[in-house]
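Visitor: What follows is a predicted structure for the sequence shown.
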Amino acid sequence: MGTHIMHLAREPYEAVLEGRKRVEVRLYDEKRKRVRLGDMVIFRPLEGDGEVCVRVTGLLRFRSFKELFEVVSGQVLISGELPVDEKVRRMRKYYTVEEEERHGVLGIAFEVVECGKV
């Protein structure tokens, strides 16, 4: 079982803490290819202190953000019930079209756990 550290902007970090976000969306790059079911992810905010630990319960691979957002329920994402095109537009703050096409995308489903008790 592995442990991975991922950083989040304040709003998604708070959403994980509050249980409003249960899927993290990332590129399926070399770093994310190492994530396995049962692994622990430690989310840390980009600004400020704190951390929240989660256990990976699902790995959802797609070719594009659009495909992922068409399948994954809005209730588990911070972007909620926004239109799919708006969700994709928001991902462009983090990833380019070229990166998305090169790597594909990954939805990391998780449950919050007490740090150190995965």
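Guide: Cool, the structure landed. Residues are numbered from 1 along each chain as shown.
Visitor: ok, which stretches of this structure are strands?
Guide: Secondary structure of the chain (DSSP state E): strands located at 3-8, 23-27, 40-45, 52-62, 105-113.
Visitor: Among those, show me which one is buried the most.
Guide: Across the strands of the chain, averaging neighbours per residue (mean count of other CB atoms under 10 Å) puts strand 23-27 on top, at a mean of 20. C-betas here are computed from N, CA, C, even on glycine.
Visitor: elements contacting that one?
Guide: Packing partners of strand 23-27 (3 or more CB pairs under 8 Å, 6 or more residues apart in numbering; DSSP states H and E): strand 3-8, helix 97-103, strand 105-113.
Visitor: run the last query once more with 10 Å
Guide: Judged by 3 or more CB pairs under 10 Å, 6 or more residues apart in numbering; DSSP states H and E, strand 23-27 is in contact with strand 3-8, helix 10-18, strand 52-62, helix 65-71, helix 84-91, helix 97-103, strand 105-113.
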